[in-house]
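J.: Next come a sequence and a model predicted from it.
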Amino acid sequence: MKKNCWEYKKCGREFGGEMVVQYGVCPAAIDKTFNGMNDGENAGRYCWKVAGTFCGGEVQGTFAQKFKDCLKCNFFKEVANDEKLCLKI
């Protein structure tokens, strides 16, 4: 089974996660807009498109603000490889 970002990154911001009290549930875990995208739960395998995800120890901004950082993310690279995403930037 393919992992969602919160499982891969172990951020603790999924429903019932250990960091929910401190930071809240991650928008990727609750955004149903992208449910099933790249075989993920909600936006769990499409997190780069969701503002407010928690990466690198801090809450991230919008897609435009964070995408360059996402390109360096091992989880993003794994999903891109799994899904054969074409990334011409």
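T.: Done, it's in.
J.: and the most centrally placed residue in the chain, how far is that from residue 81?
T.: Note on the chain: the residue nearest the mean C-alpha position is residue 47, at 2.8 Å, using CA atoms, centre = their mean. Relative to residue 81, residue 47 is positioned 16 Å away (CB to CB, to the nearest Å). All C-beta spots, glycine's among them, are computed from the backbone N, C-alpha and C.
J.: quick one: residue 38 from residue 50, how far?
T.: Relative to residue 50, and taking CB to CB, residue 38 is found at 13 Å.
J.: And those two? Which one has more around it.
T.: Between residue 38 and residue 50, counted using other CB atoms under 10 Å, residue 50 has the larger neighbour count: 23 against 17.
J.: For that one, give me its contacts.
T.: Residue 50 is in contact with 27, 28, 31, 34, 43, 63, counting by CB atoms under 8 Å, 6 or more residues apart in numbering.
J.: ditto for residue 54
T.: Residues in contact with residue 54, defined by CB under 8 Å, 6+ apart, are 11, 13, 19, 23, 26, 60.
J.: Quickly find the element holding residue 79.
T.: Using DSSP states H and E, residue 79 sits within helix 74-83.
J.: on that earlier part again, among the contacts of residue 54, which are located in strands?
T.: Per DSSP state E, strands hold no members of the contacts of residue 54.
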